[in-house]
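Chemist: coordinates only, sequence not included:
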């Protein structure tokens, strides 16, 4: 093919295929540019940056919703929407559009709509810093959307960095506060180290396999492992490279032992920033984990590589990935729950809660990976469980951080002891807090119970399918024990709110639910109850995400 034909083909593919399926990211990018212009041009400074950001995010959410409806088999498809192929590579294979991409885009943009409303109610950022703040939030979300759709290792690295760098600046949003500056510095130092290790791992994988395109890498991986055997030098280099890439993923997931930044950053940064990092980063990191594991462990790659040795080689690769993910999940979940016990600061407690929930999510990812070669239907159900978990986690964690931020405005404190006796003056917010925290525990009839039940069911399904049975059984037992452990530190907060006497120096001003902050808390807490009873709609959307498993 000559250069002219190549350029024509690339241009046609970009305009007719890639850009129409890239509208969500384009809407976010255009909004970022508009926000920067609002900061630069005196005329546009009169605009409220929050409303500008909200308008752009609503457009992005609409495009994400249309893309999800346009997939074949979507229960919400309309007659006027042409069906999109279930898997479509974009921009020459750098990105991929499928049901997982569409679902995560919708979760991220839907979260942004609630998040912008939350920041307007809480008062952070102020009008002067609003344009910068929302530009960084939307820029980081753009990187997270790319994480969910990455189909090439270089795009994986670029997307992770695009999501991380604005987050470092957001952590230092509270100018003049030593704790905030220290949080940003720690986050940036840890992030730079994790990024360097991840990039070196990518170079090892690309050097041995000769490609960075994930589907092609899977074929080469099956061939190399099948031909060389487990103990060969090439396979050892591949294992080392895979572990180094896992470091970058573990950093984004705040998984042990790469979690040290999380409690310090959440405590030093504003609660509004903690809400963004705990929900959006988690959703994108889980999507990227699934993308890499399923991309490199796809059983179809063994068939393409040819021969029984390739099939056995890819099975050994999946076995390695399952054990790495399961080990990190078990340690992450247990350490997160145990470390939360001694916390006196609410943001720090929620940071360890975030770490523990990363462990639960990784348990589901381990079950999905284990069933990839033996039970594709089971793997789809496991991915569905993870997608549902992310959808409910959005409301639970956003609700928790919203309550912390809004109580901070009233009480001038984020210490748990400051909440003592709050039920006497603000019973409504105590009820909302109980709903959110009990749901994070995973008790019925709230959304968190359904989420954990689905994840644990996927582990049981892996055991029944004979996929890594002893390991899955250990994960199931640890998941149950950790759920019981988490009950105590969540309920301790409610005990302080209801039974402890209020401090004498606390302002007597109540926090009524019949107010703008109270209305937002109610709006976030109600879905936690509703999705625990009527969860069919969200589960149908999560099932669409699970269909990306071939």
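Modeler: Received the coordinates, thanks. Everything quoted here is computed from the prediction, not taken from an experiment. Numbering: from 1, shown residues only.
Chemist: my read: residue 91 touches residue 17, true?
Modeler: No: counting by Cβ atoms under 8 Å, residue 91 sits too far from residue 17 to count as a contact (9.2 Å). The C-beta positions use only the backbone N, C-alpha and C, and glycine is treated the same way.
Chemist: what helices and strands are in contact with whichever helix in the chain runs longest?
Modeler: Taking residue count as the measure and DSSP state H as the definition, the longest helix of the chain comes out as helix 376-411. In this structure, helix 376-411 makes packing contacts with helix 99-122, helix 271-296, helix 346-371, helix 427-441, helix 447-464, helix 516-533, helix 536-546, judged by 3 or more Cβ pairs under 8 Å, 6 or more residues apart in numbering; DSSP states H and E.
Chemist: give me that answer again for 10 Å
Modeler: If you count contacts as 3 or more Cβ pairs under 10 Å, 6 or more residues apart in numbering; DSSP states H and E, helix 376-411 packs onto helix 99-122, helix 271-296, helix 346-371, helix 422-425, helix 427-441, helix 447-464, helix 516-533, helix 536-546.
Chemist: JSON lines for those helices, including mean neighbour count, mean pLDDT and distance to residue 143?
Modeler: Listed next are the helices and strands packed on helix 376-411 as JSON lines, based on neighbours: other Cβ atoms under 10 Å; pLDDT from 0 to 100; distance: least, Cβ to Cβ, whole Å:
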{"stretch": "helix 99-122", "mean neighbour count": "24", "mean pLDDT": "93", "distance to residue 143": "10"}
{"stretch": "helix 271-296", "mean neighbour count": "25", "mean pLDDT": "91", "distance to residue 143": "8"}
{"stretch": "helix 346-371", "mean neighbour count": "28", "mean pLDDT": "93", "distance to residue 143": "19"}
{"stretch": "helix 422-425", "mean neighbour count": "19", "mean pLDDT": "86", "distance to residue 143": "38"}
{"stretch": "helix 427-441", "mean neighbour count": "23", "mean pLDDT": "92", "distance to residue 143": "27"}
{"stretch": "helix 447-464", "mean neighbour count": "23", "mean pLDDT": "93", "distance to residue 143": "26"}
{"stretch": "helix 516-533", "mean neighbour count": "19", "mean pLDDT": "91", "distance to residue 143": "25"}
{"stretch": "helix 536-546", "mean neighbour count": "19", "mean pLDDT": "89", "distance to residue 143": "20"}
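Chemist: hang on, the earlier thing: by how many degrees do the longest helix of the chain and helix 99-122 diverge?
Modeler: Direction vectors for helix 376-411 and helix 99-122, defined by axes from the mean of the first three to the mean of the last three Cα atoms, to 10 degrees, enclose an angle of 10 degrees.
Chemist: which parts of helix 376-411 are buried?
Modeler: Neighbour-count burial for helix 376-411 flags 378-408, 410-411 (criterion: 16 or more other Cβ atoms under 10 Å).
Chemist: got the angle for that helix vs helix 271-296?
Modeler: Inter-element angle recorded for helix 376-411 and helix 271-296: 170 degrees (by the same axes, to 10 degrees).
Chemist: now helix 376-411: mean pLDDT?
Modeler: Mean per-residue pLDDT for helix 376-411: 92.
Chemist: contact partners for residue 185?
Modeler: Residue 185 makes contact with 168, 171, 172, 264, 265, 268, according to Cβ atoms under 10 Å, 6 or more residues apart in numbering.
Chemist: can you pick the most crowded of those residues?
Modeler: Neighbour tally across the contacts of residue 185 (other Cβ atoms under 10 Å): the maximum, 29 neighbours, falls on residue 265.
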